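Engineer: here is a sequence together with a model predicted from it:
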2 protein chains.
Amino acid sequence: MSYEQSQALFRRAAAVIPGGIYGHTTPAATVPGEMPYFASRGQGCRYTDVDGRDYIDFMCGYGPLVLGYHHPEVEAAADTARARGACFNHPTDLMVALAEKLVARVDFADWAVFGKNGSDLTTWAVMVAREVTGRPKILKAAGAYHGTHAWCTPGHGGLIPEDRAHVHDFPWNDVERLTRLFQAHRGQVAALVLTPFHHPAYADSQLPTPEFVTAANCLCREHGALLVLDDVRCGFRLGAGGSHQKFGYEPDLSIYCKAIANGHPISACVGKKTHQAAASRVFLTGSYWNDPAPMAAALAVLDIVEREKLAARLDLLGQRFVRGFIALGKKHGCPMIASGPAAMPYVRVEGDASFVRTQELCAAAAREGVFLHPHHNWFLGAAHTEADIDEALERIDRAFARLTG
Amino acid sequence: MSYEQSQALFRRAAAVIPGGIYGHTTPAATVPGEMPYFASRGQGCRYTDVDGRDYIDFMCGYGPLVLGYHHPEVEAAADTARARGACFNHPTDLMVALAEKLVARVDFADWAVFGKNGSDLTTWAVMVAREVTGRPKILKAAGAYHGTHAWCTPGHGGLIPEDRAHVHDFPWNDVERLTRLFQAHRGQVAALVLTPFHHPAYADSQLPTPEFVTAANCLCREHGALLVLDDVRCGFRLGAGGSHQKFGYEPDLSIYCKAIANGHPISACVGKKTHQAAASRVFLTGSYWNDPAPMAAALAVLDIVEREKLAARLDLLGQRFVRGFIALGKKHGCPMIASGPAAMPYVRVEGDASFVRTQELCAAAAREGVFLHPHHNWFLGAAHTEADIDEALERIDRAFARLTG
């Protein structure tokens, strides 16, 4: 039994695409040869690969599918908008309605803008912070992912020294190092850029300590720097009003993307009134950015997030899944470590510095029909039911048996 | 008679969006108060604004709507893909098929990658050129638009000196200045970035001279720099195989976007085999980039472009429109200047350095139901028929009468 169609398609891909599959879905980032490479179709919390294998999905497209594939209410909203036409010479009323909705929803937000990706708006937010402050320096946590642009890409190719001349890293939760960076660059720091919690690849997730959150807020205020919250991955998963509330951050700008429109391409940055004029001076646009369909999808998703108390539901589902997972590890003599919020947990084999055992477990889970990632946090979605979680745990039980049997 | 609903919606927008409407569709870039700000619905080559006014559209969403709003074949292809699911943990077979199609279509292309916007891939191409050459310098034409990223944005806000430390401008078609830049930065130039023809805002378009094209090709070859063709705006409008063929460029990388999927959000960069390994080392991804629906739309559009001989058709339509427009100017004693290829022409009032007369004409045309832009090239689309062109010219005749009457 193998991933024949995935492999065959990848051979075709490698001939005409650099790396075959690039970016975050590259097979090299999972378990090459032991997991699917290409998808075929999806419904709810399940999808099928090109070999016809079905998976209960715990990656949700690396985040976007927060309500599952083909959520009827979201698709209907997008379809209605699309039937009016796409990509006009102007925005539609939906752009205004969506900005109003975000301003009403996010406590500190007075305005919003929209892009297509997280990267579009994390980079724009950095430019806004530079415009507001007239300063160049950006402080960020080492290993944090803020997109693919040169100032922050996790890649090494194509960079020149100037790209990061004013970008300085500190270890997550390290108040002393963060304080020292602010002091060393006094009067030069435009922004502190943070994810709500630390979710690097190839490492456990780390929640922020209360001291770190306080320090982030106070240092930004004291030094006149903007606190930019990269809520791209977490936003609306951990709370209906943005993740800053859960942890106590006081952001000047927050960026949302993955959970905002259930896979329809849109991202958003919200900010405070005090920065609105500066924001209007940082040019921002794209060929398809006025397209109303993703805005209609986002309006529907934001309604559902609140109405169905999504964050609480994902937390409960995640707890059930993580608790069950840990118990299975114990049962099979393979102790597991869980980190991150339950709604987007990361679970790995304990004492597995090389990730080899975790990779073997994820490969075995894939063969049993559960898609997990060996080195990246997972995502619960509203399409998961308790029964799906329990079915996934039964399959993972069999995966453990493959591994330890 | 006024744009009451546009104005009312803009007042709401200005409260919650920096600038109200930002980017290329900002009212400030057209004729504030005298043209529509928000669209409502579209079909074929016509759309309706929020005040219920209909326009024959000569901007095509600033390019993307090359086949008109709601092209049935394209929408059916996208819908079929979307019904399978969106935004999976993996690409689908459509990504491979689209890369294969572009490699087959574009003569020099051995591979392709996909993004969501022109900016995504013009910037990535610059990074690929730096990775290939190990050099930092980028040469580009002054006033050319290559996207919103810091190295090239037409905006001024949020920039720091390092953003453009290695970006050098020369005047379009100026072989001597281009040659001197290559010489001054000998061994340091990674890429020459060019649009196929020069289409700056607030200026006439300029076709490349044969000497300029030859110099661009030879200088890149001589100095070991990559020729990056930003075919975002023109690609597949001027020829089914990319615009380099029309003018004789020999690009290493070409970027397509606007006409590739009739408004569905996707862009593409194609390149030569010799650069494929370097390209695979420059990290490239985005949350929604695997989404199969825009890829299905692009596959359909590329078929239609070839099957219906789109470039020849747009050229004929554009010639009819521009010829008629010039004749109307003569008739009304308001001589007009046309520039650029007929398929994407720019027509303005002669001797109108301030653009005020051109703005008045475009405002009058809008009131007669024709959408033209006073400072940006226009776009013909396959949804325009000869009858639409003639009807537009009749309306423009009345607009001239308003202006000169």
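Structural biologist: Done, it's in.
Engineer: and the contacts of the strand or helix carrying A:N217?
Structural biologist: Using DSSP states H and E, A:N217 falls within helix A:210-223. Contacts made with helix A:210-223 from outside it, assessed by C-beta atoms under 8 Å, 6 or more residues apart in numbering or on different chains, are listed as A:172-175, A:178-179, A:182, A:186-187, A:189, A:192, A:194, A:208, A:225-227, A:247-250, A:252. Just so you know, the C-beta spots here come from the backbone N, C-alpha and C atoms, and that holds for glycine as well.
Engineer: let's see which of the residues you listed end up in helices.
Structural biologist: Cross-referencing the contacts of helix A:210-223 against helices under DSSP state H gives A:175, A:178-179, A:182, A:247.
Engineer: could you identify the most distant pair in those?
Structural biologist: A:F182 and A:F247 (19.7 Å; C-beta to C-beta).
Engineer: still on that earlier bit, show me which of the ones in helices among the contacts of helix A:210-223 is closest to chain B.
Structural biologist: Nearest to chain B out of those is A:F182 (C-beta to the nearest C-beta; 18.6 Å).
Engineer: ok, the spatially closest residue to A:S267 that is not a sequence neighbour - how many residues close by?
Structural biologist: For A:S267, ignoring the flanking residues on the chain, the nearest one in space by C-beta to C-beta, 6 or more residues apart in numbering or on different chains is A:C257 at 3.8 Å. Neighbours of A:C257 under the rule other C-beta atoms under 10 Å in any protein chain shown: 30.
Engineer: pull the contacting residues for the residue nearest the centre of chain A.
Structural biologist: What sits nearest the mean C-alpha location of chain A, by C-alpha atoms, centre = their mean, is A:R233, with 2.1 Å. A:R233 makes contact with A:63, A:118, A:195, A:199, A:257-258, A:344, A:377 under the criterion C-beta under 8 Å, 6+ apart.
Engineer: pLDDT score for A:T404?
Structural biologist: We have a pLDDT of 76 for A:T404.
Engineer: that one and A:H332 touch, don't they?
Structural biologist: Yes. Between A:T404 and A:H332 there is a contact under C-beta atoms under 8 Å: 4.8 Å.
Engineer: who's more crowded, those two?
Structural biologist: A:H332 (18 against 15).
Engineer: the more buried one and A:R398 touch, don't they?
Structural biologist: No. With contact defined as C-beta under 8 Å, A:H332 does not count as touching A:R398 (10.4 Å).
Engineer: excluding its backbone neighbours, what's nearest A:A279?
Structural biologist: Spatial nearest neighbour of A:A279, excluding adjacent residues (C-beta to C-beta, 6+ apart): B:P18 at 3.9 Å.
Engineer: which residue ranges of the stretch 201-350 of chain A form strands?
Structural biologist: Secondary structure of the stretch 201-350 of chain A (DSSP state E, counting those that start in this stretch): strands at A:226-230, A:253-256, A:267-271, A:336-339, A:346-349.
Engineer: in the fourth one, what counts as buried?
Structural biologist: Residues of strand A:336-339 classed as buried: A:336, A:338-339 (neighbour count, 16 or more other C-beta atoms under 10 Å in any protein chain shown).
Engineer: can I get the residues you listed in a markdown table with pLDDT and distance to chain B?
Structural biologist: Converted to a markdown table, these look like this (pLDDT from 0 to 100; distance: C-beta to the nearest C-beta, whole Å):
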| residue | pLDDT | distance to chain B |
| --- | --- | --- |
| A:M336 | 98 | 22 |
| A:A338 | 98 | 21 |
| A:S339 | 98 | 21 |
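Engineer: before we move on, back to that, relative to strand A:226-230, how tilted is the helix holding A:N217?
Structural biologist: Here the directions of helix A:210-223 and strand A:226-230 differ by 140 degrees (axes from the mean of the first three to the mean of the last three C-alpha atoms, to 10 degrees).
Engineer: spatially nearest residue to whatever residue of the stretch 301-405 of chain A ends up closest to chain B (excluding sequence neighbours)?
Structural biologist: Nearest residue of the stretch 301-405 of chain A to chain B: A:F371, at 6.2 Å (C-beta to the nearest C-beta). Nearest non-adjacent residue to A:F371, counting by C-beta to C-beta, 6+ apart: A:Y55, 4.1 Å away.
Engineer: what does A:T153 give?
Structural biologist: Closest residue in space to A:T153, ignoring its immediate chain neighbours: B:F283 at 5.0 Å, by C-beta to C-beta, 6+ apart.
Engineer: same thing with A:L139?
Structural biologist: A:L192 (4.8 Å).
Engineer: do A:R320 as well
Structural biologist: Spatial nearest neighbour of A:R320, excluding adjacent residues (C-beta to C-beta, 6+ apart): A:I389 at 5.1 Å.
Engineer: surely that neighbour touches A:V322?
Structural biologist: No. With contact defined as C-beta under 8 Å, A:I389 does not count as touching A:V322 (9.9 Å).
Engineer: wait, A:T153 touches A:A144, no?
Structural biologist: No. Using C-beta under 8 Å, A:T153 is not in contact with A:A144, being 11.8 Å away.
Engineer: list the residues that contact the closest residue to A:A383 other than its chain neighbours.
Structural biologist: In space, and not counting its chain neighbours, A:A383 is closest to A:G68: 2.4 Å by C-beta to C-beta, 6+ apart. Listed by C-beta under 8 Å, 6+ apart, the contact partners of A:G68 are A:43-45, A:60, A:262, A:381-384.
Engineer: and the helix or strand hosting A:F10, what's buried?
Structural biologist: If you go by DSSP H and E, A:F10 is part of helix A:4-16. Buried residues in helix A:4-16, counted by 16+ other C-beta under 10 Å: A:5-7, A:9-10, A:13-16.
Engineer: which intervals of chain A have sub-threshold pLDDT?
Structural biologist: For chain A, the stretches with pLDDT under 70 are A:1, A:405.
Engineer: select the longest helix from it.
Structural biologist: For chain A, the helix that runs over the most residues, judged by DSSP H, is helix A:310-331.
Engineer: run through who's touching it.
Structural biologist: So helix A:310-331 is contacted by A:58, A:66, A:236-240, A:304-305, A:335-336, A:338, A:341-345, A:347, A:349-350, A:380-382, A:384, A:386, A:389-390, A:392-393, A:396-397, A:400 (C-beta under 8 Å, 6+ apart).
Engineer: filter the residues you listed to the buried ones?
Structural biologist: Listed as buried from these are A:58, A:66, A:236-240, A:304-305, A:336, A:338, A:341-345, A:347, A:349, A:380-382, A:384, A:389, A:392-393, A:396-397, A:400; burial here means 16+ other C-beta under 10 Å.
Engineer: so which of those sit within helices?
Structural biologist: Using DSSP H, the subset of these located in helices is A:304-305, A:389, A:392-393, A:396-397, A:400.
Engineer: in TSV: these, plus distance to A:Y37.
Structural biologist: Output for those, formatted as TSV (distance: C-beta to C-beta, whole Å):
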residue	distance to A:Y37
A:I304	31
A:V305	32
A:I389	26
A:A392	21
A:L393	26
A:I396	22
A:D397	26
A:F400	24
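Engineer: just the CA coordinates of the longest helix of chain A, formatted as PDB?
Structural biologist: C-alpha atoms of helix A:310-331 as PDB (Å, rounded to 0.1, in the frame of the first residue of the first chain):
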ATOM      1  CA  LEU A 310     -16.800  28.900  18.000                       C
ATOM      2  CA  ALA A 311     -13.900  29.500  20.400                       C
ATOM      3  CA  ALA A 312     -15.500  27.700  23.300                       C
ATOM      4  CA  ARG A 313     -16.500  24.900  21.000                       C
ATOM      5  CA  LEU A 314     -13.100  24.400  19.500                       C
ATOM      6  CA  ASP A 315     -11.600  24.500  23.000                       C
ATOM      7  CA  LEU A 316     -13.900  21.700  24.100                       C
ATOM      8  CA  LEU A 317     -13.300  19.600  21.000                       C
ATOM      9  CA  GLY A 318      -9.500  20.200  21.300                       C
ATOM     10  CA  GLN A 319      -9.500  19.200  24.900                       C
ATOM     11  CA  ARG A 320     -11.300  16.000  24.100                       C
ATOM     12  CA  PHE A 321      -8.900  15.200  21.300                       C
ATOM     13  CA  VAL A 322      -5.700  16.100  23.200                       C
ATOM     14  CA  ARG A 323      -6.800  14.300  26.400                       C
ATOM     15  CA  GLY A 324      -7.700  11.200  24.300                       C
ATOM     16  CA  PHE A 325      -4.400  11.400  22.400                       C
ATOM     17  CA  ILE A 326      -2.300  11.600  25.600                       C
ATOM     18  CA  ALA A 327      -4.200   8.700  27.000                       C
ATOM     19  CA  LEU A 328      -3.500   6.600  23.900                       C
ATOM     20  CA  GLY A 329       0.200   7.400  24.200                       C
ATOM     21  CA  LYS A 330       0.200   6.200  27.800                       C
ATOM     22  CA  LYS A 331      -1.700   3.000  26.800                       C
END
